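Q: pasting the sequence and the predicted coordinates here, then a few questions.
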Amino acid sequence: MARTSSYASKTGVAISVNFDSLLNKIKKAGGDIEQATWDAARKGGRVYYQTLVEECRKSGVPDHLIDKIRFNCLRDSSGSRFAVVVGWYMDNYDPADPSEGYKVVFLNYGTPRRESSRGNRGYIDGRGFIGRAKKKAQKPIKQAQEEFLKSVLGDLAQ
């Protein structure tokens with residue numbers, strides 16, 4: 001019925017869901033498949049965004065990093081594939097002044113022990129909030145998108 005695949009993107013985590021059977025029914029009923037798919041993708045992205053913010057707060061991520069989460073909706077040139085990218089922008093890495101995206105990476109995955117000529121500089125334990133958010137959001141994303149597509153189909157049937 002539905003297949004979800006997650007893949008990394010330069011600006012965050014992208015999640016795409018495929019509902020072929022519902023889309024075929026919408027097409028047979030004379031509905032606009034592109035608009036329905038576009039809206040369903042955005043609804044799923046909002047669910048993931050809310051889950052990610054929730055997990056960040058539970059993990060103690062500072063508010064200024066949570067505020068930098070981006071939400072982008074993308075459409076390929078053919079117009080048949082849509083993606084919603086939720087996450088932080090990964091700028092070029094500058095060790096003297098890392099961007100918000102890299103700070104989040106360090107918080108999520110942690111860092112090894114760091115030694116310098118002046119002694120031990122410590123380490124950061126990984127918190128794993130991105131993986132937990134992805135896992136928690138998979139079912140709600142599918143449900144939100146499926147409910148939306150069924151409502152579109154119900155509106156067309158009337």
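A: Yep, it's here. Numbers count the residues shown, from 1 in each chain.
Q: ok, the closest residue to residue 31 other than its chain neighbours - contacts?
A: Beyond its immediate neighbours in the sequence, the residue positioned closest to residue 31 (C-beta to C-beta, 6 or more residues apart in numbering) is residue 156, lying 4.7 Å away. For the C-beta atoms, the positions are set from N, CA and C on the backbone; glycine is no exception. Each residue near residue 156 by C-beta atoms under 8 Å, 6 or more residues apart in numbering is listed here: 26, 29-31.
Q: torsion angles phi and psi at residue 139?
A: phi -70, psi -50 (degrees, to the nearest 10).
Q: residue contacts, it?
A: By C-beta under 8 Å, 6+ apart, no residues touch residue 139.
Q: which among the contacts of residue 156 end up buried?
A: Restricting those to buried positions leaves 26, 31, with burial counted as 16 or more other C-beta atoms under 10 Å.
Q: among the contacts of residue 156, which one sits closest to residue 146?
A: Proximity of the contacts of residue 156 to residue 146 was ranked by C-beta to C-beta; the top entry is residue 26 with 12.2 Å.
Q: sorry, back to before: measure the residue nearest to residue 31 to residue 28 for me?
A: 9 Å (C-beta to C-beta, to the nearest Å).
Q: cool, and residue 121?
A: 63 Å.
Q: in the chain, which spans are helices?
A: 20-28, 33-58, 63-66, 100-109, 129-157 (DSSP state H).
Q: turn those into JSON lines, including distance to residue 73 and mean pLDDT.
A: JSON lines is the format used below for the helices of the chain (distance: least, C-beta to C-beta, whole Å; pLDDT from 0 to 100):
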{"stretch": "helix 20-28", "distance to residue 73": "18", "mean pLDDT": "81"}
{"stretch": "helix 33-58", "distance to residue 73": "5", "mean pLDDT": "91"}
{"stretch": "helix 63-66", "distance to residue 73": "20", "mean pLDDT": "96"}
{"stretch": "helix 100-109", "distance to residue 73": "19", "mean pLDDT": "94"}
{"stretch": "helix 129-157", "distance to residue 73": "13", "mean pLDDT": "88"}
